[in-house]
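Novice: Model the following, please.
(one chain, ligands or ions: 1)
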Amino acid sequence: MPNERISDIRIERVALELLDQYSITDPGFDIEDLAEAERLEVRRGGLKNIDAWLVRKPEGGGIIRLRDDTPEVGRVRFSIAHEIGHWLLHPGLCQGFLCTAADMVDYARSPEEAEANRFAANLLMPKSWIPAGTWKKDPEFSVTAGLAKDFKTTLTAATRRYVELATHAVVLVFSKNGTVHWSLKSPRAKPLFIERAVSVPANSITRECIDQGKNAGPALVEPDVWFPDWHFDDDSEVFEDVRISTTYGWAMTILWVPELG
Ligand SMILES: [Zn+2]
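Specialist: Have a look, this model is predicted:
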């Protein structure tokens, strides 16, 4: 029987209620303490090809197991938040979740993984905790990297959260091995369209970054490189900013279309 999908509003509510229940108001809060308060014991080691693992104990409570070779605090916190998401959102689904690094950035393939990721984003970066000044700056990775640092989360999670809530017209494109995997638009960028499962455009800065294994931008790019179907004015501008991970094989692109916002 297909599992019913959980709305974004409900996911946000579950995350905020959890923070409220434990009176958590600090962006760098100790998520391991929170897991344990929820009867989830956090253990490390014994994992190779997966990033995190959740099992429900028959007697109640559960165990979150993490790789012990994850160097970044942001990744560890995101993994724990993701597993708490499965714990609270998917109680009847199965007794265990094995979550890979790919699952932690999956918003296209598995609904449960996407829900656990959305939960983690809401738990680690509640909307009301993001400083108002954030929205006045030009949309680029320097801004979202600052958020990732302040909120001790991953660049992917912080950038997604930023784009979801942004007041500018921005699109985030996540590609893997040169193919567009998913994209996310801010409310003002809704009219724009990014095709999925196609190659990253040939004349984009992202393509250059993937080929050369480096970051670049923000820089101006011809608007029709990314949006061939959109009718732009002659003086329209699109800014492209790119970060790549050679370790995980992904590229993230922020596209900002100032004429839309
Ligand atoms: Zn998962």
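Novice: The residue of the stretch 51-200 of the chain at minimum distance from the ion: neighbour count?
Specialist: Closest to the ion within the stretch 51-200 of the chain is Cys99: 3.2 Å, counting by Cβ to the ion. C-beta coordinates here come from the backbone N, C-alpha and C atoms, glycine included. For Cys99, the neighbour count with other Cβ atoms under 10 Å is 25.
Novice: what does the one 4 residues further on give?
Specialist: Here the number of neighbours of Asp103 (other Cβ under 10 Å) works out to 21.
Novice: give the contact list for it.
Specialist: Neighbouring residues of Asp103 by Cβ atoms under 8 Å, 6 or more residues apart in numbering: 51, 82, 110, 113, 116-117.
Novice: okay, among the residues you listed, which ones form the most distant pair?
Specialist: With Cβ to Cβ as the measure, no two of the contacts of Asp103 lie farther apart than Asp51 and Ser110, at 14.3 Å.
Novice: Mind checking which of these two has more residues around it?
Specialist: Each of Asp51 and Ser110 has its neighbours counted (other Cβ under 10 Å); Asp51 has more, 22 against 14.
Novice: tell me the contacts of that one?
Specialist: Neighbouring residues of Asp51 by Cβ under 8 Å, 6+ apart: 66-67, 70, 75, 79, 99-101, 103-104.
Novice: how about the residues of the stretch 151-261 of the chain that lie near the ion?
Specialist: Proximity of the stretch 151-261 of the chain to the ion, by Cβ under 5 Å from the ion, involves no residues.
Novice: Please report phi then psi for the residue of the stretch 51-200 of the chain closest to the ion.
Specialist: The phi/psi pair for Cys99 (degrees, to the nearest 10) reads phi -120, psi 130.
Novice: Quick check: bridge partners of the closest residue in space to it that isn't next to it in sequence?
Specialist: Distance criterion Cβ to Cβ, 6 or more residues apart in numbering; nearest residue to Cys99, sequence neighbours excluded, is Ala52 at 4.9 Å. Ala52 has these beta-bridge partners by DSSP bridges: Leu66, Cys99.
Novice: Ala52: what's it in contact with?
Specialist: Taking Cβ under 8 Å, 6+ apart, we find Ala52 in contact with 64-67, 79-80, 82-83, 99, 104.
Novice: 10 Å instead, please
Specialist: Contact analysis of Ala52 by Cβ atoms under 10 Å, 6 or more residues apart in numbering lists 42, 64-67, 70, 75-76, 78-83, 86, 97-101, 103-104, 116.
Novice: ok, the most centrally placed residue in the chain to Ile63 distance?
Specialist: Taking Cα atoms, centre = their mean, the centroid of the chain lies closest to Ala157, which sits 3.0 Å from it. From Ala157 over to Ile63 the distance is 23 Å, taken as Cβ to Cβ, to the nearest Å.
Novice: hmm, what's the outermost residue in this structure?
Specialist: Going by Cα atoms, centre = their mean, the residue of the chain most distant from its centre is Asp234, 33.8 Å out.
Novice: Make a ChimeraX selection of the buried ones in the contacts of Asp51.
Specialist: Buried members of the contacts of Asp51, defined by 16 or more other Cβ atoms under 10 Å, are picked up in ChimeraX with:
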select :66,67,70,75,79,99,101,103,104
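Novice: Flag whichever of the contacts of Asp51 scores worst on pLDDT.
Specialist: The member of the contacts of Asp51 with the lowest pLDDT is Thr70, at 73.
Novice: Helix or strand: which one has it?
Specialist: Using DSSP states H and E, Thr70 maps to neither a helix nor a strand.
Novice: Show me what the helix or strand of the chain with the lowest mean pLDDT is packed against.
Specialist: When the helices and strands of the chain are scored by mean pLDDT, DSSP states H and E, strand 96-99 comes last with a mean of 86. When contacts are defined as 3 or more Cβ pairs under 10 Å, 6 or more residues apart in numbering; DSSP states H and E, strand 96-99 packs onto strand 52-56, strand 62-66, helix 73-89, helix 111-124.
Novice: Perfect, I'm done here.
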